[in-house]
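Student: Okay, sequence plus prediction incoming.
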Amino acid sequence: MSTAPRVLDVTTLPSTDNVDPYTFCVELNGQWFLQKGKMIAYYGQIDFSGVGHGHLDGLVAGSFHSPLHAADWVVAQGSGKMLLADRAFDVNSYDLEDGNLTVRSGNLLAFEPSLSLKQSIVPGFLTLIGTGKFVAASNGAVHFVEPPVRVDPQALVGWADCPSPCHHYDHGYLKGVLGGIRALTGIGGASGEEHQFEFVGAGTVLIQSSETLMAEQATGAVPHEAGVPGGGQGGQRGGQQTPQLPGQLGGLQRRFGL
Amino acid sequence: MPFREINAKMVEAHVQPGQRLFSQRGAMIAYKGDVRFTPNMQGGQGGLTSMIGRRVANEATPLMTVEGQGTVMFGHGGHHVEVIELDGDTLCVEADRLLAFDGTLEQGTLFLGSDGGVMGMVRGQVTGQGLFTTTLKGRGAVAVMAHGGIIQLPVTPDRPVHVDPQAYVAHHGDVRNKLSTALGWRDMVGRGSGEGFQLELSGNGAVFVQASEEKL
């Protein structure tokens, strides 16, 4: 049990490792991408410049492929030691070796430019591809599980090596006589666990120790294009997307603004 | 032992056919295998009378039954989780601190007024327990939540333990508790130490204390 707080200076700070469970120290010698507002202190000569300004174009073109997300990120450039933290959430670094990992956009703090950042097809998630280190936060320590597994949507941090994520709905408790009564009257309530994300296939799933979500960062919009998840809806409304129910006026209803 | 602590804030439970668990609704984080979650109308065990008892006692935290075969991970609100093993004795704990517990444990409610009369009721108010508390009895494990880590303090007949009522989590064994007041004129004029009430636990058993004075 230590009595006095540890005093750290530029030589005793760990190099690219955790200082404590909530703080991460990056030994900077070149460039790192980090999310705005996650740097808490630094030693040395470090410039922070917004993504997409002049001289960083080349870097951004090489490893930052989420143009509409750029406003949330800065590039730290120079040499020194930089401390990262996020609202006292647990912080961890992850090494990717020619791999891929998809993470909730709000959880990602920083990454090396040798990785490239892309928007995932799954809205609200970002995918990192390549070789390098990145830093992510989570509410409680991260636990790794192998598929097949079903995860509470709020507890999901991310997944690596591409297991297939899909939705799973469980209404098994609505079956049978008692279940029927429950479904009809609502007496007995819901279990609160009807919906999970299901992962199958090879890979690793990252979950945090709590279902309290970290505030999500906007990942930017996706182009309005047919076939783009979350993108195609805005432009072409109408269509015969919803099945017509008898008794509805359908087109007429819309025409008269009812 | 059905519960395994994965880290300070998460536990893993193995569910086997014919064996069931109760857990707080919505506290499942992930699961493997074929596991069913059924909302539990009665808020635990016993029949209709127990349910009404719990409603009246305001100890009816929404619970769900977990059955099937597989592994389930539980965690809730980023609170610290502690697994308490019961070996035939009784654990007194607030219902909303229960994350999950063995289906073999016998659940009941305890009227605090019956344990110390009027002072028991005052104690309930001060600790935020209300007039009732939940008891779990039997052999099995309970996962209890707390704000900050939990420490266990043994209570022996010659060594009573004084606890801040707000930091009190649970106790088990043959423990009597009484509220000791150290109120003086300073408290009356608002210049007290802020520690005017203490929970004094005596007997034979253990008390669990959280490292925070914040309620869940």
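Tutor: Ah, there it is. Fair warning: this is a prediction, and the values are worked out from it, not measured in the lab. Numbering: from 1, shown residues only, chains lettered A, B, ... in the order given.
Student: Spell out which parts of chain B neighbour chain A.
Tutor: Neighbours of chain A within chain B, by CB under 8 Å from any CB of the partner chain: B:6-10, B:25-32, B:36-39, B:41, B:62, B:64, B:73, B:75-79. To be clear about C-beta, it is placed using only N, CA and C from the backbone, and glycine gets the same treatment.
Student: which residues of chain B fall in helices?
Tutor: B:48-56, B:117-127, B:185-188 (DSSP state H).
Student: average pLDDT across the longest one?
Tutor: Yep, that's helix B:117-127 we're talking about. In this model, helix B:117-127 has an average pLDDT of 61.
Student: Over to the last one?
Tutor: Averaging pLDDT along helix B:185-188 gives 62.
Student: correct me, but residue A:136 touches residue A:103?
Tutor: Yes - Residue A:136 is within contact range of residue A:103, at 5.6 Å (criterion: CB atoms under 8 Å).
Student: between these two, which one's more packed in?
Tutor: Using other CB atoms under 10 Å in any protein chain shown, the more surrounded residue of residue A:136 and residue A:103 is residue A:136, with 28 against 25.
Student: For that one, which residues are in contact?
Tutor: Neighbour list for residue A:136: A:91, A:92, A:93, A:94, A:103, A:107, A:108, A:109, A:142, A:157, A:158 [criterion: CB atoms under 8 Å, 6 or more residues apart in numbering or on different chains].
Student: By neighbour count, which of those residues wins?
Tutor: Result: residue A:107 is most packed of those (other CB under 10 Å), 29 neighbours.
Student: can you give me phi and psi for that residue?
Tutor: When quoted as degrees, to the nearest 10, the phi and psi of residue A:107 stand at phi -90, psi -20.
Student: Spatially nearest residue to it, not counting backbone neighbours?
Tutor: residue A:136 (4.8 Å; CB to CB, 6 or more residues apart in numbering or on different chains).
Student: For that neighbour, give me the pLDDT.
Tutor: Residue A:136 is assigned a predicted lDDT (pLDDT) of 90.
Student: check which helix or strand covers it.
Tutor: For residue A:136, the host element (DSSP states H and E) is strand A:125-138.
Student: neighbouring strands for the helix or strand that that strand is followed by, and are they parallel or not?
Tutor: Once strand A:125-138 ends, the next helix or strand along the chain (criterion: DSSP H and E) is strand A:142-145. Using DSSP bridges, the strands paired with strand A:142-145 are strand A:204-208 (antiparallel).
Student: Report the beta-bridge partners for residue A:95.
Tutor: Bridge pairing for residue A:95 - DSSP bridges - gives residue A:133.
Student: Can you report how many residues lie near it?
Tutor: Neighbours around residue A:95, by other CB under 10 Å: 10.
Student: Domains in chain A, by residue range?
Tutor: A:9-138, A:141-209 (the TED database).
Student: could I get those as CSV with distance to residue B:158?
Tutor: CSV is the format used below for the domains of chain A (distance: least, CB to CB, whole Å):
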stretch, distance to residue B:158
domain A:9-138, 39
domain A:141-209, 39
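Student: And these, which one averages the lowest pLDDT?
Tutor: Among those, domain A:141-209 carries the lowest mean pLDDT (a mean of 79).
Student: In contact with residue B:138, which residues?
Tutor: B:86, B:88, B:102, B:104, B:105, B:106.
Student: of those residues, buried ones?
Tutor: Those of these that meet the buried threshold are B:86, B:102, B:105, by 16 or more other CB atoms under 10 Å in any protein chain shown.
Student: what's the closest of these to residue B:157?
Tutor: Proximity of those to residue B:157 was ranked by CB to CB; the top entry is residue B:86 with 20.9 Å.
Student: buried residues in stretch A:4-20?
Tutor: For stretch A:4-20, using 16+ other CB under 10 Å, the buried residues are A:13, A:16, A:19.
Student: ok, and the closest non-adjacent residue to the second one?
Tutor: I take that to be residue A:16. residue A:27 (4.8 Å).
Student: Farthest-apart pair in the contacts of residue B:138, please.
Tutor: Pairwise over the contacts of residue B:138, using CB to CB, the maximum falls at B:88 and B:102, 12.9 Å.
Student: Quick check: pLDDT value at residue B:134.
Tutor: For residue B:134, pLDDT reads 83.
Student: Count the neighbours of the closest residue to it other than its chain neighbours for me.
Tutor: Nearest non-adjacent residue to residue B:134, counting by CB to CB, 6+ apart: residue B:95, 4.5 Å away. For residue B:95, the tally of surrounding residues (other CB under 10 Å) stands at 23.
Student: correct me, but residue B:95 touches residue B:136?
Tutor: No - between residue B:95 and residue B:136 there is no contact under CB under 8 Å: 10.1 Å.
Student: ok, the spatially most central residue of chain B to residue A:37 distance?
Tutor: Computing the C-alpha centroid of chain B and ranking residues by CA atoms, centre = their mean puts residue B:93 first, at 2.6 Å. Per CB to CB, to the nearest Å, residue B:93 is found 40 Å from residue A:37.
Student: Okay, residue B:83 and chain A: tell me how far apart.
Tutor: Residue B:83 is 14 Å from chain A, where distance means CB to the nearest CB, to the nearest Å.
Student: Show me the beta-bridge partners of that residue.
Tutor: Residues in beta-bridge contact with residue B:83 (DSSP bridges): residue B:143.
Student: Let me see the contact set for the closest residue in space to residue A:209 that isn't next to it in sequence.
Tutor: Of all residues not flanking residue A:209 in the chain, residue A:140 sits nearest, at 2.8 Å (CB to CB, 6+ apart). Contact analysis of residue A:140 by CB under 8 Å, 6+ apart lists A:90, A:208, A:209, A:210, B:7, B:8, B:9, B:10, B:75, B:78.
Student: Show me the helices in the stretch 1-150 of chain A, by range?
Tutor: A:57-63 (DSSP state H, counting those that start in this stretch).
Student: For it, which residues are neighbours of chain B?
Tutor: A:139, A:140, A:141, A:143, A:145, A:148, A:149, A:150.
Student: contacting residues around the residue lying closest to the fifth one once chain neighbours are set aside?
Tutor: For residue A:145, the nearest residue in space outside its immediate sequence neighbours is residue A:205; the separation is 5.0 Å by CB to CB, 6+ apart. Contact criterion CB under 8 Å, 6+ apart gives A:144, A:145, A:146, A:147, A:149, A:151, A:156, A:158, A:159, A:163, A:199, B:30 as the residues in contact with residue A:205.
Student: give me the number of residues near the fifth one?
Tutor: What it means is residue A:149. Neighbour count of residue A:149, defined by other CB under 10 Å: 23.
Student: Tell me who's in contact with it.
Tutor: A:198, A:199, A:205, B:30, B:31, B:32.
Student: Turn those residues into TSV, columns for distance to residue B:17.
Tutor: Shown next, in TSV, are the contacts of residue A:149 (distance: CB to CB, whole Å):
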residue	distance to residue B:17
A:198	22
A:199	24
A:205	25
B:30	20
B:31	15
B:32	15
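Student: Out of the residues you listed, which is nearest to residue A:80?
Tutor: Here the nearest of those to residue A:80, counting by CB to CB, is residue A:205; it sits at 35.3 Å.
Student: Please name the bridge partners of that closest one.
Tutor: residue A:145, residue A:159.
Student: quick revisit: of the contacts of residue A:140, keep whichever come out buried.
Tutor: Buried among the contacts of residue A:140 by 16+ other CB under 10 Å: A:90, A:208, A:209, A:210, B:8, B:9, B:10, B:75, B:78.
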